[in-house]
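[1] what's the 3D shape of this:
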Amino acid sequence: MTLQEYWRIIRKRGWIVVLAVLLGAVAAFGVSYVQKELYQAIVEVSTVPARPDWGLGNTAKDLMRNFTANLKTPEVAARVIARQQLDMNPYDLLANTQIEPDSSTFTIKIQVRDADGEVAKLAALGFADEFLEERTAYYAQLDKSDRIEVKIRSRDIGYSQVQPKPLLNAVAGAVLGLLLGIGVVLLLTWMEADLLRTTAAVERTLGIPVLGAIPRAGRREIAQSDVQPGRIGAPKTA
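    Purely as a prediction, here's the structure:
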């Protein structure tokens with residue numbers, strides 16, 4: 001396609017892309033105000049082997065998945081609720097809790113979301129304390145060189161708002177609208193690809209020069225044409 005054809009498509013259907021971007025941004029911005037406020041608190045627990053031994057290190061990495069699975073149980077959630085005196089159901093707490101092991105740093109990340117930021121913070125620290133106490137009691141029975149040292153990296157954690165984020169959602173909606181608008185324009189352009197609209201397109205497709213073209217008559221020219229009333233298509237007589 002030539003630059004003239006691209007420009008023709010932009011002039012003809014550019015409004016579709018602009019409209020799609022505006023609608024996507026406005027819709028996403030509006031949905032943000034319907035969402036309830038939600039906050040997130042994150043605490044990290046370190047599980048480092050007591051000695052730099054390859055075998056013990058691999059054992060610690062394998063155990064991290066087991067630690068994570070044991071934390072994500074209704075029994076642990078119930079103890080966290082009792083410890084932190086939270087007013088919620090253990091299953092609701094688990095539904096808003098995400099626990100992920102990172103074997104590359106020997107770290108377990110505990111992430112809790114709630115409509116109240118302080119509740120999310122207390123719940124995250126509660127899970128960390130439950131894990132710390134349980135592991136400390138277990139490893140106290142083992143030789144120090146065979147232990148995995150468990151500690152909370154920092155108890156001074158805060159919380160951040162994860163929704164609603166109107167501006168971020170509006171930008172995402174605008175990008176989605178842009179992609180959708182471009183898709184619609186490409187689809188319409190593809191549907192009319194077989195139509196030859198310009199002299200250059202005819203010459204390029206047929207491979208022969210165009211010697212002339214029939215001009216399109218406008219409505220005004222037809223209205224002022226020399227046609228006798230009552231005899232459509234017949235010329236007037238002198």
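[2] Give me the mean pLDDT for the longest strand seen in the chain.
    In the chain, ranked by residue count with DSSP state E as the criterion, the top strand is strand 38-49. Across strand 38-49, pLDDT averages out at 90.
[3] Then stretch 150-157?
    Rounded mean pLDDT across stretch 150-157 is 89.
[4] just stretch 207-214 next, same as before
    69.
[5] show me where the protein has strands.
    If DSSP E is used as the criterion, the strands of the chain fall at 38-49, 97-102, 107-114, 148-152, 160-163.
[6] ok, the longest strand of the chain: who's next to it in the sheet?
    strand 107-114 (antiparallel), strand 148-152 (antiparallel), strand 160-163 (antiparallel) (DSSP bridges).
[7] Quick one: residues contacting the residue nearest to the spatial centre of the chain.
    Centroid check for the chain by CA atoms, centre = their mean gives Ala172 as the closest residue, at 7.4 Å. If a contact means CB atoms under 8 Å, 6 or more residues apart in numbering, then Ala172 has Ala28 as its contacts. Yep, even glycine has a C-beta here, placed from its N, CA and C like the rest.
[8] Flag every buried residue along the lengthiest helix in the chain.
    Looking across the chain with DSSP state H, the single longest helix is helix 3-34. In terms of neighbour count (16 or more other CB atoms under 10 Å), helix 3-34 has its buried residues at Ile9, Arg13, Ile16, Val17, Ala20, Val21, Gly24, Ala25, Ala27, Ala28, Phe29, Ser32.
[9] Export those to a markdown table and append columns for pLDDT and distance to Pro52.
    Shown next, in a markdown table, are the buried residues of helix 3-34 (pLDDT from 0 to 100; distance: CB to CB, whole Å):
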| residue | pLDDT | distance to Pro52 |
| --- | --- | --- |
| Ile9 | 73 | 64 |
| Arg13 | 81 | 65 |
| Ile16 | 86 | 62 |
| Val17 | 86 | 58 |
| Ala20 | 89 | 57 |
| Val21 | 89 | 55 |
| Gly24 | 88 | 53 |
| Ala25 | 86 | 53 |
| Ala27 | 88 | 55 |
| Ala28 | 85 | 50 |
| Phe29 | 83 | 53 |
| Ser32 | 77 | 49 |
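[10] quick revisit: the longest helix of the chain packs against which elements?
    helix 166-191 (3 or more CB pairs under 8 Å, 6 or more residues apart in numbering; DSSP states H and E).
[11] thought Val171 was touching Val21?
    No. Using CB atoms under 8 Å, Val171 is not in contact with Val21; the gap is 10.6 Å.
[12] where are the low-confidence patches of the protein?
    Residue ranges of the chain with pLDDT under 70: 1-6, 53-56, 192-206, 210-214, 216-238.
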